[in-house]
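Asks: Show me the folded form of this:
(2 chains, ligands or ions: 4)
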Amino acid sequence: MNMENIRPGDLEWRCQKCGGNLEPAMVTVEYLGNEFTTELPRCPRCGLVMISESLALGKMAEVEQILEDK
Amino acid sequence: MDQKQLRELESRCIEENPPWCAAACPLHVDARALCGRVAGGDWVGAWKVLLRTMPLPGVLGRICDAPCRERCKRGQAGEAIAINQLERACVMHATPARPRAILPARRERAAVLGSGLAGLTAAWDLVRKGFQVTLHEPDATLAAGLQERYAKQVPPEVFAAELALLTGSGVRVELNAPLYEDNFLERCLAEGGAVFLSLDALDPEPWPLERDTKGRIAVPSPAQTTARKGVFAGGLEHGDSPVWQAAQGRWGATSIDRYLQGVSPTAGREKDGPYETRLFTSLEGVEPLPMVPVGPEGYDDATAAQEAGRCLQCHCLECVKVCPYLESFGAYPKKYAREIYNNQSIVMGARQANKLINSCSLCGLCEAVCPEDFPMQTLCLATRQEMVTKGKMPPSAHEFALLDMEFSLGERFRLARHQPEHQTSARLFFPGCQLAASAPGQVRRVYQHLCTSLPGGVGLMLACCGAPAHWAGQEAKSREVVQDWLKDWRGLGSPQVIMACSSCRDIFRTYLPEVEQVFLWEMLRETGLEIEQAPGAPLAIHDPCTTRHDPQAQATMRAVLGEAGVELEELRLGRELTECCGYGGLMANANPELAKEVITRRGGQSPRDFLAYCAVCRDRLAAVGKRALHALDLYFPEPGSDDPAARPSPGWSERRENRARLKDELLRDLWKEEPPAMEAHREIALLITPEVAGLLEQRRILIDDLQRVIHHAERSGDKLTHPDSGHFLASFRPYKATFWVEYSPAQDGFQVHNAYSHRMTIKAGGRP
Ligand code: SF4
Ligand code: SF4
Ligand code: SF4
Ligand SMILES: [Zn+2]
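Replies: Ligands and ions are numbered 1, 2, ... in the order given. Coordinates of the predicted model:
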């Protein structure tokens, strides 16, 4: 699953705890036993990951639907 | 539902049965399709329809005697369609290029003796089946008798063209053949193959074949066999009917094919000739119309189109006409049954019918209008149950409604008590979950009214009947819900149950027939309740779909309201034909857009204010801007509300809040008990603009979900911040969905700017 997920604005968010900017990183996501590795914005220190609105409601929702109907 | 049951169900839908015209035509010409093309001015299309079934269409199309007309459905509303005149008008147009649909040549031979319509049709069909066909004609010209007989209708050049097609496709013609010489038949048979006698063009005498009592060659139809093996015949029955002659030639060709392949000539031929169709076509609302007059020249294009336009285009589709769900998937139950069957047999790949299966409201209107009682709701529900058992139900399909049900079954709403200061209950009020969600004040006022007017104590139970689990196909869950209910009820001494909701009543009839129930409105009629002020104008009464098989409830409502002087208008689809509001069967969960269309259409059936007696029906009407009252609004008006028909539908969060508050207040005020303590996250105050509220509603995100996210973020510090806006963004996963909230601190709480959710989880390489 290539989610083309990171938009420039996404990386403007900062981790509140660590104070640093988010950076693209390879993250594995899972649904109904299916795993995909994809690039997502993440805090390089504590690992907190961000999933944006456009990703959640766009590509992610689409893939969820496909997997549910499999 | 196993394969056999599915097949049985599928066969019940008669939509694919042919119209009367095609079933009655000995050649099964599709006059419905023909009329459709002619009415639309599509003459090439019309020609193609004829070419599919009609032999020598240039000839037959001009002379057919149309025995089909007698059965044409239009005949029951005016006059039958002039099908043969339309055929004639069609073949007056230039013939389109004819595709050569001839099967690969075979070695078997067939001899056709005589060129009547039977013989010509037999040759026409046999050559298309790939046989080596020889047509033996005793005269010096082919089809001389026919040409003479139909000289007025069929110009010689048309005859010539059709016969040229016959020879062009490979039929060998032997003119001046010595047919009546001894042994001609034997010689043909000796060459191998089979023989067809066109008795409509031959001297019937000389043939050495068995005769019937009238001395005619015995030829049973449609096998067209004679007593001699390999000899077939036709063309004599039904007087001089050209279409019957042609049909017998066709059946003879089929029999010859079967004979040479060693297949029985009689098996499975019930539908070769005219037969009874099982199709149903409603004539409701069909204006009777006479035939468009026709002169000796026949119709011209315009009058033909006009006549064809009278065709009813016979179909059934009774269910599709009344059900937007069936309509929206573009077909009809027979097809859907097949799609569902395929869906259930898929091992790998996409199950494309999931949405079809989950969108039905299970309202049963289809079965009520279907001439064959096809129950789409049974098919969809049984399939859902199977999907759940096999773990193939898409998790998101019904989750929101099931969580709502859990809420009603949980501590924040569930309640079972005797009337205050009573140790026993003669009766029990069970309002159901959605009346409390919609109008908690009414539940309270009704309960107090029942307590003061009925002796022996009226207990109260707040819970859900489990209908959502039933609709979702979660059989085990729905049984568990009713069993729990039963325990509480027994704990109160098994009193008679006063029910306000028709869906609860329906569930109880199915799962708990042992529980004695009475409809709230029957009770209210006994307690002698009055309306302060009847509405000034009639109200359009909307029966909930779960009263479809409960005529008594429908009658009670009308009686109660009638006695109170409320004028009612009946909708076209009411009582046993009432329509679902789009909530039933969890349609609104699986297919919100469709559910919205359903209720919008329903609301459009009358300009009057609607009167519902199910809280969900009322709210769904209100949600699409239709003015609607609940019957209780007339008897137990909300203090201070002067226009209850305009009351908006509470949103998802409010529906929960209403239930929880009702329980809290009743506990405090009636039973003098402290309600359960509030969970910490619920103390978080949120500021939500109407725009954001609309978004939450559409995305089905609850205030409670937002509070959990913010509670978690503020406690753990796991949140993101945006340097420009200063907003926070955080997520939390309270159940099978992860919620994200963008928010900022505000006075005494938080302002919510956005929220969304997804179902995937982060597995590795980061943390939520
Ligand atoms: S009304 Fe039309 S479709 Fe129906 S039977 Fe007559 S010709 Fe056929
Ligand atoms: S929504 Fe109602 S009428 Fe339509 S198919 Fe389902 S049960 Fe039948
Ligand atoms: S009403 Fe619907 S299900 Fe019944 S026969 Fe007609 S098309 Fe088929
Ligand atoms: Zn961090």
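
Asks: for residue A:58, helix, strand, or coil?
Replies: Three-state assignment for residue A:58 (DSSP: H, G, I helix; E, B strand; the rest coil): helix.

Asks: How much space separates it from residue A:64?
Replies: 11 Å (CB to CB, to the nearest Å). All C-beta spots, glycine's among them, are computed from the backbone N, C-alpha and C.

Asks: residues in contact with residue B:276?
Replies: Applying CB atoms under 8 Å, 6 or more residues apart in numbering or on different chains to residue B:276 gives the contacts residue B:23.

Asks: where in the chain is pLDDT low?
Replies: Looking at chain A here, since you left the chain open. A:1-4 (pLDDT under 70).

Asks: that's the other chain; I wanted chain B
Replies: B:99-102.

Asks: Near ligand 3, which residues of it are found?
Replies: Contacts of chain B with ligand 3, taken as CB under 6 Å from any ligand atom, map to B:13-15, B:316-319, B:332-334, B:370-372, B:374.

Asks: Can you give me the neighbour number for whatever residue of the stretch 501-650 of chain B ends up closest to ligand 2?
Replies: The nearest approach of the stretch 501-650 of chain B to ligand 2 comes at residue B:580, 5.7 Å away (CB to the nearest ligand atom). Using other CB atoms under 10 Å in any protein chain shown, residue B:580 has 29 other residues around it.

Asks: do you know how far it is from residue B:588?
Replies: 10 Å.

Asks: For chain A, which residues are neighbours of ligand 4?
Replies: Residues of chain A lying near ligand 4 by CB under 5 Å from the ion: A:15, A:17, A:18, A:43, A:45, A:46, A:48.

Asks: any idea which helix or strand carries the second one?
Replies: Counting by DSSP states H and E, there is no helix or strand that carries residue A:17.

Asks: could you list every residue that touches the residue nearest to the spatial centre of chain B?
Replies: By CA atoms, centre = their mean, chain B has its centre lying nearest to residue B:326, at 3.9 Å. Residue B:326 makes contacts with B:319, B:320, B:332, B:333, B:336, B:366, B:376, as judged by CB under 8 Å, 6+ apart.

Asks: burial measure for the third one, as a count.
Replies: Read that as residue B:332. Neighbours of residue B:332 (other CB under 10 Å): 22.

Asks: Residue B:12 is in contact with that one, correct?
Replies: No: contact criterion CB atoms under 8 Å: residue B:332 and residue B:12 do not qualify, at 11.9 Å.

Asks: got a list of contacts for stretch B:701-713?
Replies: B:652-653, B:656-657, B:680-682, B:684, B:686, B:688, B:696, B:718-719, B:728, B:730-732, B:734, B:739-741, B:743, B:750, B:752, B:755-757.

Asks: And stretch B:222-235, by the same measure?
Replies: Contacts of stretch B:222-235 (CB under 8 Å, 6+ apart): B:116-119, B:122, B:185, B:189, B:193-201, B:208-210, B:217-219, B:221, B:245, B:247-249, B:251-252, B:254-256, B:259, B:265-266, B:269, B:272-273.

Asks: at 6 Å instead, please
Replies: Residues outside stretch B:222-235 that contact it (CB atoms under 6 Å, 6 or more residues apart in numbering or on different chains): B:116, B:118, B:189, B:194-200, B:209-210, B:219, B:245, B:248-249, B:251-252, B:255-256, B:265-266, B:269, B:272-273.

Asks: Tell me which stretches of the stretch 351-500 of chain B form helices.
Replies: Using DSSP state H, counting those that start in this stretch, the helices found in the stretch 351-500 of chain B span residues B:354-359, B:365-369, B:376-389, B:399-409, B:433-438, B:440-453, B:467-471, B:475-491.

Asks: quick one: buried residues of the third one?
Replies: Of the residues in helix B:376-389, those with enough neighbours to count as buried (16 or more other CB atoms under 10 Å in any protein chain shown) are B:376-388.

Asks: which among these gets closest to ligand 3?
Replies: residue B:376 (7.1 Å).

Asks: Hmm, residue B:333 and the closest one touching each other?
Replies: Yes: with contacts counted by CB atoms under 6 Å, residue B:376 reaches residue B:333, the gap being 5.4 Å.

Asks: returning to what we had before: now for the buried residues of helix B:376-389, which pair is the farthest apart?
Replies: Farthest apart among those by CB to CB are B:376 and B:388. That separation is 18.6 Å.

Asks: Any idea which residue of the stretch 651-768 of chain B lies closest to ligand 2?
Replies: Closest point on the stretch 651-768 of chain B to ligand 2, by CB to the nearest ligand atom, is residue B:700, at 21.3 Å.

Asks: surely residue B:467 meets residue B:502?
Replies: No: contact criterion CB under 6 Å: residue B:467 and residue B:502 do not qualify, at 10.3 Å.

Asks: Neighbour count for those two, which is higher?
Replies: For residue B:467 versus residue B:502, the count of surrounding residues by other CB under 10 Å is larger for residue B:467: 27 against 24.

Asks: Spit out the contact partners of that one.
Replies: With CB under 6 Å, 6+ apart, residue B:467 has these contacts: B:503, B:507.

Asks: please redo it, this time with the cut-off set to 10 Å
Replies: Contact partners of residue B:467, counting by CB atoms under 10 Å, 6 or more residues apart in numbering or on different chains, are B:362, B:401, B:405, B:432-434, B:478, B:481, B:501, B:503-504, B:506-507, B:510, B:546, B:583-586.

Asks: cool, residue B:161 as well?
Replies: Counting by CB under 10 Å, 6+ apart, residue B:161 has contacts B:56, B:58, B:59, B:95, B:155, B:168.

Asks: could you flag which of those are buried?
Replies: B:56, B:58, B:59, B:95.

Asks: so which of those residues comes closest to residue B:105?
Replies: Checking the buried ones among the contacts of residue B:161 one by one against residue B:105 (CB to CB), the nearest turns out to be residue B:56, at 21.5 Å.

Asks: The closest one against residue B:165, yeah?
Replies: Yes: counting by CB atoms under 10 Å, residue B:56 touches residue B:165, with 7.9 Å between them.

Asks: any common contacting residues for residue B:580 and residue B:588?
Replies: B:361, B:595, B:598, B:599, B:620.

Asks: ok, the first one to residue B:583 distance?
Replies: Plainly put, residue B:361 is 8 Å away from residue B:583 if you go by CB to CB.

Asks: between those two, what contacts are shared?
Replies: B:471, B:545, B:595, B:598.
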